[in-house]
Every structure is written in C-alpha cells, then in structure tokens.
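[1] coords please:
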Amino acid sequence: MAWYSYFLMNVPESLIMLALPFVLFGISIRSNLKSMLIFAFFQGSVAFILSTFLQTSLKPFLTLFFFFFLVFIIFRFQLLKSVVITLTSFIFLVIFEIITTLSVVQFLNLSYEELFNNSWMRIMASLIMVQIPMILTIILLLKFNLKIKLPAFLR
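    Model prediction:
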C-alpha cells in the first residue's frame, strides 16, 4: 500500500469509525474533536503499519485491540464503555463492507486483485464502501436525533 493511502484512507476511516458510535451514544463530538483527530492519526497509522507489515490473520484482532486501547487512553472512558464503542465501530465497519463490497466490485467491473493492487482504486473503494455509508448513517442519526441511551454503569 502506498504511503499516501495512510492520509487518504486510514485516517478518515478511523475518524468516521469513531464518530459513528459517538453520535449513536450521544457523546459530544464538538467537545472531543481535538482528541478524535489525534485518535484518527494514531489509529490510521496503526492500521497502515499493520496493513503494510503484517499480512496474517492476527491483523484484524490487533487493529481491534489498538482501537480499543486508543479509545481507552485518549478519551479516558471506562473500560466497558471503551469496549462497547470499539465493538460498535467494528460491527458497523463489517456490515458496510459486507453489504457494499460485492456490489462495488460488480458495479465497477473489477476483480479483487485489481482492487487491492491499485492504491487509488483501493482508496476509492474505501470511500464508497465504508466512509460514505457511515457518513450518511451519522447524518441520519443526527437528523432524526436517534440515540441509544447507555446503561448507567457505562456512562
């Protein structure tokens, strides 16, 4: 993966992955924006490093662990709240990737090899498959003021 994909794919994806559970659980983005940007650069760099140097089945687990660790350290949330935010982010990520990957590959008439070997195609696919659907979900949650109230022991 090319170095510029770090800035164009991993950092925005990390920021959006964090923003979605924040909106869903009613956590203020405005008061946490600086921390969210710091988180996005750290998580984006972790995702980029793991994608570049670690091509094993451990990569998703390590990415999940570092996401949790950074949420726990940077935002100083309780352990269980950090776990809930992390799992929510990754559940949405997996749902959007599963739903959209097949349709994007078919719509653009690409093979998986072409998609993963071309950095710009991979950035475009990430934008179409993950980032735009998550942004639209965030907009809908904000527009209709939909929130999940966390139990008292998670606040």
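
[2] Ala40 against Ser14, yeah?
    Yes. Counting by C-beta atoms under 8 Å, Ala40 touches Ser14, with 4.4 Å between them. For every residue, glycine as well, the C-beta is placed using N, CA and C.

[3] more neighbours, these two?
    Here Ala40 and Ser14 are compared on neighbour count by other C-beta atoms under 10 Å; more neighbours surround Ser14, at 26 against 21.

[4] outside of the lowest-mean-pLDDT helix or strand in the chain, which residues touch it?
    Least confident element among the helices and strands of the chain, by mean pLDDT, DSSP states H and E: helix 4-5 (a mean of 78). The contact list for helix 4-5, computed with C-beta atoms under 8 Å, 6 or more residues apart in numbering, reads Phe48, Ser119, Arg122, Ile123.

[5] out of the residues you listed, which are buried?
    When the contacts of helix 4-5 are checked for burial by 16 or more other C-beta atoms under 10 Å, the buried set is Phe48, Arg122, Ile123.

[6] restricted to helices, list those.
    Phe48, Arg122, Ile123 (DSSP state H).

[7] check the first one and give its pLDDT.
    Predicted confidence (pLDDT) at Phe48: the value is 88.

[8] and what of Arg155?
    69.

[9] offset the numbering so it begins at 14, please.
    Got it, the first residue is 14 from now on, which makes the last one we talked about Arg168.

[10] mind checking the longest helix of this structure?
    The chain, longest helix under DSSP H: helix 92-120.

[11] please name the nearest non-neighbouring residue to the residue positioned nearest the centre of the chain.
    When the chain is reduced to its mean C-alpha position, the nearest residue by C-alpha atoms, centre = their mean turns out to be Met30, at 3.0 Å. The spatial neighbour of Met30 that comes closest, neighbours along the chain excluded (C-beta to C-beta, 6 or more residues apart in numbering), is Ser102 at 4.4 Å.

[12] fine by me, we can end here.
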